[in-house]
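Trainee: Generate a structure from the sequence data that follows.
(2 chains)
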Amino acid sequence: MHDRCRRPEAGSLVITRLRRRMAEILLTLPSFFWLALFFLVPTGLVFILAFRPADPFGGIGRGWTLATIRALSDPQYLAIAWRTLWVSFTATAICMLLAIPTGYAVARAAPRRRNLLLMLVIVPFWTSFLIRVFAWKSILHPEGIIKKALVFSGLVDANASLLYHLGAVILVTVYTFLPFAILPIYAAAEKFDYRLIEAARDLGARPFAAFRKVFLPGVRQGLVTAVLVVFIPALGSYVIPDIVGGTGSELLGNKIAQRVFVDRNLPLAGGLSIVLILAVLAPLLAVLALQRKAGQAVPRDGEGTP
Amino acid sequence: MAEFLDFDRISKRFGPIQAVDDVSLGIRRGEFFALLGPSGCGKTTMLRVAAGFETPDAGRVFLDGRDITALPPNRRRVNTIFQSYALFPHLTVRGNIAFGLQIAKRPKAEIEREVEAMLRLIRLEDQADKKPDLLSGGQRQRVAVARALINKPDVLLLDEPLAALDLKLRQRMLIELDIIHDQVGITFLYVTHDQGEAMSLSDRIAVMNAGRIEQIGTPAEIYEAPRTSFVAAFIGDTNFLEGVVADHPEPEYSRLRIEGLPDVTVYNDKQIADGNQVFLSVRPEKIQISRDRPEPKSKRNAVPAVVEDVIYLGPTTKYWVRAGGHRLQVLRQHARFFLDEKPIRWKDDVWIFWHGDDGFMLEGFRRDDERLIAVPPQKVGDA
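Mentor: As a prediction, this is how the structure comes out:
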């Protein structure tokens, strides 16, 4: 009697678990298909493309070749890859220098003011990205007000150009990605327990030391997210150098576009894309490895790992 | 003035609320001093003024004779134990304790030595490399103590350090704090709303209410000789009686005329003249209760009463009685369990009596403070 009472319970527990597992699988299925169809398959195709010969009419030849890989060892690509990394790194660093104090200030502002400040951070998204980059072209134009003011104040030579060089590319990249850096830092700073700063000050830390030793480690998760959401898109940016950059500021993205649209050499474009994908994956994997290491030491509470 | 930690006429306002109102207070070197009061009485603001987190609107703070009012927190030889402990979650126990010395850029060997000594003091050597969120409440509290003490502050500020702990743990930490105070000999300024904590730990207590200090004294002074109705009602339980001084049968004692009661004799330490109105505070444990009329004695006040409520509390029983329109509480300790005698029950006629020395005349009385006494509701069918 006793046994018969217990068994169905144990059985129903297994069924409940199975059901929950099924529900999980069913719920993730659509997004998995979406990822597979629009991300994994195209990436695989691009990868395969790199090992195909180019055909002179812009198509893809038959058979397999390592010609593309050999072509990639051309020093011009190395220079462009290096430049891409350098521009992305500089833009990320400047973004962080601006976003950390901004995120802190917004999180510390009085609630009503905070909403206004957040609005101001988000407002640029209401205009198309392309239009905003074109707007920079007229802002920095030789006949534009900034150039005239700089020349008038004697800071800039009349013949110097504010456009068509790496400086302009970095400036507009910073402008474009700054909101993406501010938002995760703000989100982390808003949850930060500011009594910890009081505790650090109480123990003898000057304001900046308290900020560096307690606040920055406290918003670490937000900082990592901010770096990733600026650095990775910056690596692949193509529109910004195309519009405000010059001949000396081509990045990997431009080179890929050029191979596709101008030279019609799809295998080479594929090879360059792989270089780019690897450049994006490297920092991501580094961060994940670091987080796993940190995660073993401390179980994170609440904050999910991406 | 000229005490070790001196608050000189401190005022602080937050918007419409006057948190601290012209408060002066001197704390002696090595003393365990408690600021006691209900939440919102300004005690935490006083502590934050001492720590440097709040600048007073008026008044000055002196530490060892030096004006520290304008010094930032990091330049005061004062450390705080926060209510929530505010341990750094990204650092280990060791890292938390070492923080102050690392900021001060002390040599590595010295830091290591001091941290080890602190870990021994708080008996957490085996937890030294854990992060705070893996510790229990009591362990976190001890880390907070060690982190503050390692800087060898002149004054240790404690902001309700036991509030987050459960009762048993609180009692243990209470003893531990007392031992640590004896060992390190640092001045402690302890902020709490818990009279039990303040009573058992402190050398002296300042009772605060609504931004002002009501009374400063040793625990016994505060309990036995409360100056105001607030102190009498906030610390322990009490009964208030309002009367007029009728005459002085002896120079030391007054006879009070209280509506509905026979005349009451009370020790007159305040030399109040005949005809003046006074308020009397009588602690419930000072009043005795019996079924039989007590034999009359000089200075004994005996009043007939009816029992309205009996509350068994374990070591004691509380009786609420009505005597001449007054509701009074009487606490009776169980010296032995009185099965053999006929117990006092609801609606019994009894006598209550107390000695004239056990009633205490208050200097200040506010009707509001009567609300601090938890009077049970009237029973249905009672007069």
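Trainee: use CA for all of it now, contacts and neighbours both
Mentor: Will do.
Trainee: Now stretch A:188-196: buried residues?
Mentor: A:188-190, A:192, A:196 (16 or more other Cα atoms under 10 Å in any protein chain shown).
Trainee: Quick one: end-to-end length of it, please.
Mentor: Stretch A:188-196 stretches 14 Å from its first residue to its last (Cα to Cα, to the nearest Å).
Trainee: ditto for stretch B:317-331
Mentor: 6 Å.
Trainee: If we check chain B, which of the buried residues of stretch A:188-196 are in contact?
Mentor: A:L196 (Cα under 8 Å from any Cα of the partner chain).
Trainee: The stretch 51-200 of chain A against chain B: which residues are in contact?
Mentor: A:195-196, A:198-200.
Trainee: B:V350 versus whatever residue of the stretch 151-300 of chain A ends up closest to chain B, what's the distance?
Mentor: Distance from chain B to each residue of the stretch 151-300 of chain A (Cα to the nearest Cα) is smallest for A:G204, at 3.8 Å. Remark: distance between A:G204 and B:V350 (Cα to Cα) = 64 Å.
Trainee: now B:T92
Mentor: Going from B:T92 to B:V350 by Cα to Cα gives 63 Å.
Trainee: do A:R62 as well
Mentor: Counting by Cα to Cα, the gap from A:R62 to B:V350 is 113 Å.
Trainee: what about these two, which has more around it?
Mentor: Neighbour count, other Cα atoms under 10 Å in any protein chain shown: between A:R62 and B:V350, B:V350 has more, with 20 against 10.
Trainee: and that one, which of the three is it?
Mentor: What DSSP: H, G, I helix; E, B strand; the rest coil gives for B:V350 is strand.
Trainee: now swap in B:L280 and tell me
Mentor: Once three-state DSSP is applied, B:L280 turns out strand.
Trainee: what about it, neighbour count?
Mentor: 22.
Trainee: so what's it bridging to?
Mentor: B:L241, B:M361 (DSSP bridges).
Trainee: need the contact list for it.
Mentor: Going by Cα atoms under 8 Å, 6 or more residues apart in numbering or on different chains, B:L280 touches B:239-243, B:359-362.
Trainee: and the host helix or strand of A:A188, how far out from the chain's middle?
Mentor: Secondary-structure element containing A:A188, defined by DSSP states H and E: helix A:166-191. Between the centre of helix A:166-191 and the centre of its chain there are 10 Å (Cα atoms, centre = their mean, to the nearest Å).
Trainee: list the contacts for the residue of chain B found nearest chain A?
Mentor: Of all residues in chain B, B:N74 sits closest to chain A, at 3.8 Å by Cα to the nearest Cα. B:N74 is in contact with A:201-206, counting by Cα under 8 Å, 6+ apart.
Trainee: Which single one of those is nearest to B:R9?
Mentor: A:D202 (23.7 Å; Cα to Cα).
Trainee: who's in contact with the helix or strand hosting A:L45?
Mentor: Using DSSP H and E, A:L45 sits within helix A:41-49. Contact with helix A:41-49 is made by A:266-267, A:270-271, A:273-274, as judged by Cα under 8 Å, 6+ apart.
Trainee: Give me the buried entries from those.
Mentor: Buried, going by 16+ other Cα under 10 Å: A:266-267, A:270-271, A:273-274, out of the contacts of helix A:41-49.
Trainee: Near chain A, which residues of chain B are found?
Mentor: B:51, B:53, B:73-76, B:78-80, B:82, B:86-90, B:99-100, B:103-104, B:131, B:148, B:151.
Trainee: Please settle this for me: is B:Q83 part of a helix?
Mentor: No. Going by three-state DSSP, the assignment for B:Q83 is coil, not a helix.
Trainee: what pLDDT does it get?
Mentor: Note on B:Q83: pLDDT of 89.
Trainee: buried sites along the host helix or strand of B:E176?
Mentor: B:E176 is part of helix B:167-184, with elements assigned from DSSP H and E. Of the residues in helix B:167-184, B:170, B:173-174, B:177, B:180-181 count as buried by neighbour count, 16+ other Cα under 10 Å.
Trainee: can I get these in a markdown table with distance to A:L163 and pLDDT?
Mentor: What follows is these, written out as a markdown table (distance: Cα to Cα, whole Å; pLDDT from 0 to 100):
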| residue | distance to A:L163 | pLDDT |
| --- | --- | --- |
| B:R170 | 68 | 85 |
| B:M173 | 68 | 86 |
| B:L174 | 70 | 87 |
| B:L177 | 68 | 88 |
| B:I180 | 68 | 88 |
| B:H181 | 69 | 90 |
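Trainee: buried subset of the residues of chain B next to chain A?
Mentor: B:51, B:53, B:73-76, B:78-80, B:82, B:86-90, B:99-100, B:103, B:131, B:148, B:151.
Trainee: Restricted to helices, list those residues.
Mentor: B:51, B:99-100, B:103, B:148 (DSSP state H).
Trainee: CA atoms only: put the helix or strand of chain B with the lowest mean pLDDT into PDB for me.
Mentor: Lowest by mean pLDDT, DSSP states H and E among the helices and strands of chain B is helix B:167-184, with a mean of 87. Extracted in PDB, the C-alpha atoms of helix B:167-184 (Å, rounded to 0.1, in the frame of the first residue of the first chain):
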ATOM      1  CA  LEU B 167      18.700  37.800  18.900                       C
ATOM      2  CA  LYS B 168      21.000  35.100  20.000                       C
ATOM      3  CA  LEU B 169      23.900  36.200  17.800                       C
ATOM      4  CA  ARG B 170      23.300  39.800  18.900                       C
ATOM      5  CA  GLN B 171      23.800  38.800  22.500                       C
ATOM      6  CA  ARG B 172      27.000  37.000  21.700                       C
ATOM      7  CA  MET B 173      28.400  39.900  19.600                       C
ATOM      8  CA  LEU B 174      27.400  42.200  22.500                       C
ATOM      9  CA  ILE B 175      29.800  40.400  24.700                       C
ATOM     10  CA  GLU B 176      32.400  40.200  22.000                       C
ATOM     11  CA  LEU B 177      32.200  44.000  21.400                       C
ATOM     12  CA  ASP B 178      32.600  44.600  25.200                       C
ATOM     13  CA  ILE B 179      35.700  42.300  25.300                       C
ATOM     14  CA  ILE B 180      37.200  44.100  22.200                       C
ATOM     15  CA  HIS B 181      36.600  47.500  23.800                       C
ATOM     16  CA  ASP B 182      38.500  46.300  26.900                       C
ATOM     17  CA  GLN B 183      41.300  44.900  24.900                       C
ATOM     18  CA  VAL B 184      42.000  47.800  22.600                       C
END
